[in-house]
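[1] dropping the sequence and predicted coords here.
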Amino acid sequence: MPRFPNISDHAHTVSSRVYSSLEHRARLRNDDIYPLHVGDTYRDPVEAARAERQLTSEHPGLHKYAPVRGEPELIDAFVGYVKARHGETLEPEQVQVMSGATAGLSVVCQVLLAPGDEVLLPSPFWPLSRGIIATKGAVPVQVPFYTRLDEPGFDAEASLESAVTERTVALYVNTPNNPSGRVLSKATIDAMLRVAKRHDLWVLCDEAYEEIYFDQDPPEAVWKRPEVRDRAIAFHTLSKTYGLAGARVGFTHGPESIMATIAGMQTFHTYCAPRPMQFGAIKALRQGGAWVEQSRALYREAGYMTADTLGVARPRGGTFLFLDVSDLLDPGEEDCSVFLERCADQGVLLTPGRSCGADYAKWVRLCFTAVPPARLAAALARLAPVFRRPSC
Ligand SMILES: Cc1ncc(COP(=O)(O)O)c(C=O)c1O
């Protein structure tokens, strides 16, 4: 029992120590730091959506609470976006405005999961997804997946199936994927959903990068599949699509039967998403189309340039490269901590692969949209000696 000064067991599962010590080390040796460990953009959002453009004169009570469900006009704008982008009609009652996808996933996990319940978490994954599940006292069951899709003989269905137990409650799917840059094919989605259907799992669809794709066609939205429409809960966000990460506005939607409970739970988390930025979000959704297209082209160029420079496969979407650096570690090194220190000594911060999955201790994640292209090129030049392969 965590009486003073102890804290709960599941609170020990989260930590940000790695990042802060590497940053401290980088700052000791460099005036200029390249924060490629943070998943964010160097681009400022479309003007009308910016914080400084939301005015009390236009929105009386700008700084008051918003309705728990979200500003009705914002819900309308999102429903319109979904119709235009996905050809699907959502009822306003199916939509909950959230303080980003992070809060969305957290609130939904609070609704669905009891301590000890398990969630299938194909890895590598967005680091916070594991922590969000763990902070509910539930168990994120890591299944090496996105990096294995091209392995001859890899069976997506069997790999997930073998991780199911009687405590499994949900499957988390993220395409385009942070960090691997992979976009799931129809066949892989079919395989994943067969497992979800067979075992009556909720399907948690993380759509954070739905607009950041580099092939001609947009990625398939998993939540739209008719076979899981009754059990799919989707998380959308303005953070990536519109460069509004600090605005903390996102959308969760799912079957109407569960949305009232999700709204109820949301009341006890953040009550509502920030009201001033909900008005900014309306502007982003209604006026941000060209901005999104421009970002997609710029991010594609940055992603391809980074991949080509480092000699790895080009990303299909998202804002990251996930790099296997096992051949760059010294003999006996069990993980990439020393490698990350070498990068930090060059002023470049990368994310340890282990935060994206226990099987990725010898991998690192790099965000290619965190700094403008010229600074990205400078960072890659600094990384060149660290990434030099022994045979080169
Ligand atoms: C896959 C994925 N989902 C969700 C989020 C968080 O989004 P938000 O800023 O809306 O909380 C991120 C942020 O990096 C992400 O990579």
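    Structure's in. What do you need? Numbering: from 1, shown residues only.
[2] in contact with the most centrally placed residue in the chain, which residues?
    The centroid of the chain falls nearest to residue 126 when counting by CA atoms, centre = their mean (5.0 Å). Residues near residue 126 by CB atoms under 8 Å, 6 or more residues apart in numbering: 174, 178, 179, 206, 208, 356. Every C-beta, even on glycine, is put in place using the N, C-alpha and C of the backbone.
[3] residue 234 in helix, strand or coil?
    strand (DSSP: H, G, I helix; E, B strand; the rest coil).
[4] what comes up buried for the worst-scoring helix or strand of the chain on mean pLDDT?
    Sorting the helices and strands of the chain by mean pLDDT, DSSP states H and E puts helix 17-29 at the bottom, at a mean of 85. Residues 19, 22, 25, 26 are the ones in helix 17-29 that count as buried (16 or more other CB atoms under 10 Å).
[5] in a markdown table, list these along with distance to the ligand.
    Shown next, in a markdown table, are the buried residues of helix 17-29 (distance: CB to the nearest ligand atom, whole Å):
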| residue | distance to the ligand |
| --- | --- |
| 19 | 14 |
| 22 | 18 |
| 25 | 23 |
| 26 | 21 |
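[6] give me the beta-bridge partners of residue 364?
    Residue 364 has the following beta-bridge partners by DSSP bridges: residue 323, residue 352.
[7] quick check: it vs residue 338, distance?
    12 Å (CB to CB, to the nearest Å).
[8] out of the two, which sits in the busier spot?
    Shown here are residue 364 and residue 338; by other CB atoms under 10 Å, residue 364 has more neighbours (25 against 11).
[9] can you name the residues that contact the more buried one?
    322, 323, 325, 336, 339, 340, 343, 350, 351, 352, 353.
[10] same check on residue 73?
    Residue 73 makes contact with residue 282 under the criterion CB under 8 Å, 6+ apart.
[11] same thing with residue 219?
    So residue 219 contacts 175, 176, 183, 184, 209, 210, 213, 317 (CB under 8 Å, 6+ apart).
[12] what's the pLDDT at the second one?
    Residue 176 is assigned 98 on the pLDDT scale.
[13] that one: what's it in contact with?
    So residue 176 contacts 182, 183, 209, 210, 212, 213, 219, 315, 316, 317, 318 (CB under 8 Å, 6+ apart).
[14] I'd say residue 102 and residue 128 touch.
    Yes. Here residue 102 lies in contact with residue 128, judged by CB atoms under 8 Å, at a distance of 5.9 Å.
[15] show me which of those two is the more surrounded one.
    More crowded of residue 102 and residue 128, by other CB under 10 Å: residue 102, with 21 against 17.
[16] ok now whichever helix or strand residue 194 is part of, how far from the chain's centre?
    Residue 194 belongs to helix 186-198 when elements are defined using DSSP states H and E. The chain centre lies 21 Å from the centre of helix 186-198; the measure is CA atoms, centre = their mean, to the nearest Å.
[17] re the thing from before, which one of the contacts of residue 176 is nearest to the ligand?
    residue 209 (6.5 Å; CB to the nearest ligand atom).
[18] count of neighbours near the closest one?
    Counted by other CB under 10 Å, the residues lying close to residue 209 total 26.
[19] shouldn't it be in contact with residue 178?
    Yes. Residue 209 is in contact with residue 178 according to CB under 8 Å; the separation is 6.7 Å.
[20] intersection of neighbour lists for those two?
    Common neighbours of residue 209 and residue 178 (CB under 8 Å, 6+ apart) are 318, 319.
[21] returning to that earlier point: of the contacts of residue 219, buried ones?
    Buried, going by 16+ other CB under 10 Å: 175, 176, 183, 184, 209, 210, 213, 317, out of these.
[22] can you list those residues in CSV and add distance to the ligand and secondary structure?
    Formatted as CSV, the buried ones among the contacts of residue 219 follow (distance: CB to the nearest ligand atom, whole Å; DSSP: H, G, I helix; E, B strand; the rest coil):
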residue, distance to the ligand, secondary structure
175, 9, coil
176, 9, coil
183, 13, coil
184, 13, coil
209, 6, coil
210, 10, coil
213, 14, strand
317, 11, strand
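[23] any low-confidence regions in the stretch 1-150 of the chain?
    14-18 (pLDDT under 70).
[24] again, 90 this time
    1-21 (pLDDT under 90).
[25] tell me where it has strands.
    Assigned by DSSP state E, counting those that start in this stretch, the stretch 1-150 of the chain shows strands spanning 34-35, 95-98, 118-123, 139-144.
[26] wait, does the third one contact the ligand?
    Meaning strand 118-123. No. Strand 118-123 lies out of reach of the ligand by CB under 6 Å from any ligand atom, never closer than 11.7 Å.
[27] quick one: that strand to chain centroid distance?
    Relative to its chain's centre, strand 118-123 lies at 14 Å (CA atoms, centre = their mean).
[28] use 28 as the first number from now on
    Sounds good: first residue 28 from here, last item strand 145-150.
[29] strands paired with it, and their directions?
    For strand 145-150, pairing defined by DSSP bridges yields strand 166-171 (parallel), strand 195-201 (parallel).
[30] spell out which parts of the stretch 28-177 of the chain neighbour the ligand.
    66, 127, 128, 129, 153.
[31] wait, isn't the first one in contact with residue 326?
    Think residue 66. No. Look at residue 66 against residue 326 with CB under 8 Å: they stay out of range, at 11.9 Å.
[32] what is in contact with the two at once?
    Taking CB under 8 Å, 6+ apart as the contact rule, residue 66 and residue 326 both touch residue 346.
[33] buried residues, stretch 387-399. List them.
    The neighbour-count check on stretch 387-399 (16+ other CB under 10 Å) flags 387, 388, 389, 390, 391, 392, 393, 394, 395, 396, 397, 398 as buried.
[34] hmm, it in reach of the ligand?
    No. Figure legend: stretch 387-399 not in contact with the ligand (CB under 6 Å from any ligand atom); closest approach 9.0 Å.
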